[in-house]
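In: when you get a sec, could you give me coordinates for this:
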Amino acid sequence: MQITRSPINTDGFTLVELTLVLIIVTLLSTGLILGVSAQRENVERADAQHQLDNIREALLGFAIANGRLPCPAVPSLASDDTNAGIAANPPCLNAAQYGVLPWATLGLPETDPWGNRYTYFVSDKFSAALAIGSQA
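Out: Reported below is the predicted structural model:
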C-alpha cells in the first residue's frame with residue numbers, strides 16, 4: 001500500500017517572509033522619519049536666527065528713533081490681553097528691566113519657532129532717554 005500526499009500549496013508568503021518584509025519597511029520608514037525631523041529642526045533653527053536678526057534690527061531702529069531702547073513687556077499678560085507685548089513706560093528700573101520682548105511695540109512676532117516668548121532685559125543706562133544736546 002502506497003501513501004500519497006497531497007501537493008503542498010506554495011502560492012503565498014510564509015510568516016517568516018512577511019515578518020522580514022515588515023521589519024524592512026519599519027527600518028526604512030524610521031530612517032525617513034528621522035531624516036524629516038532633522039530637516040525640520042534645521043528649518044526651525046534657521047527661522048529662529050532670522051527672527052533674532054529681525055529683533056536686532058527692530059531694536060536698533062527703535063533706539064535711533066527714540067534715543068533709547070524700549071522697556072520690556074510684562075511677561076505675565078496673556079496673548080489676548082490688549083496690553084500684551086506693549087513696552088512698559090520708562091524709566092525701566094529694577095523689576096521693569098526684566099520681561100519679554102515688546103513684540104507689539106516693535107511689530108515683531110510674539111514667539112520663537114518653538115512657541116516661546118523671547119526673554120528681554122535692558123539696563124536703565126540704555127532705556128533712559130538722552131537729554132537734548134547731550135553727547136553719548
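In: can you show me the helices along this protein?
Out: 15-66, 103-106, 124-127 (DSSP state H).
In: looking at the ones you listed, which is nearest to Ile86?
Out: helix 103-106 (5.3 Å; Cβ to Cβ). (C-beta placed from N, C-alpha, C; glycine too.)
In: can you pull the contacts of Ala87?
Out: Pro70, Cys71, Pro72, Ala73, Pro102, Thr105 (Cβ atoms under 8 Å, 6 or more residues apart in numbering).
In: low-confidence regions, this structure specifically.
Out: The chain contains residues with pLDDT under 70 at 1-11, 94-95, 130-136.
In: give me the buried positions along stretch 104-113.
Out: Within stretch 104-113, the residues that count as buried by 16 or more other Cβ atoms under 10 Å are Thr105, Leu106, Leu108, Pro109, Glu110, Asp112, Pro113.
In: the last one contacts His50, correct?
Out: The one in question is Pro113. No - applying Cβ atoms under 8 Å as the test, Pro113 and His50 come out as separate, 9.5 Å apart.
In: ok, the spatially most central residue of the chain to Arg40 distance?
Out: The structure's the chain has its C-alpha centroid closest to Pro113; by Cα atoms, centre = their mean the separation is 2.0 Å. Plainly put, Pro113 is 10 Å away from Arg40 if you go by Cβ to Cβ, to the nearest Å.
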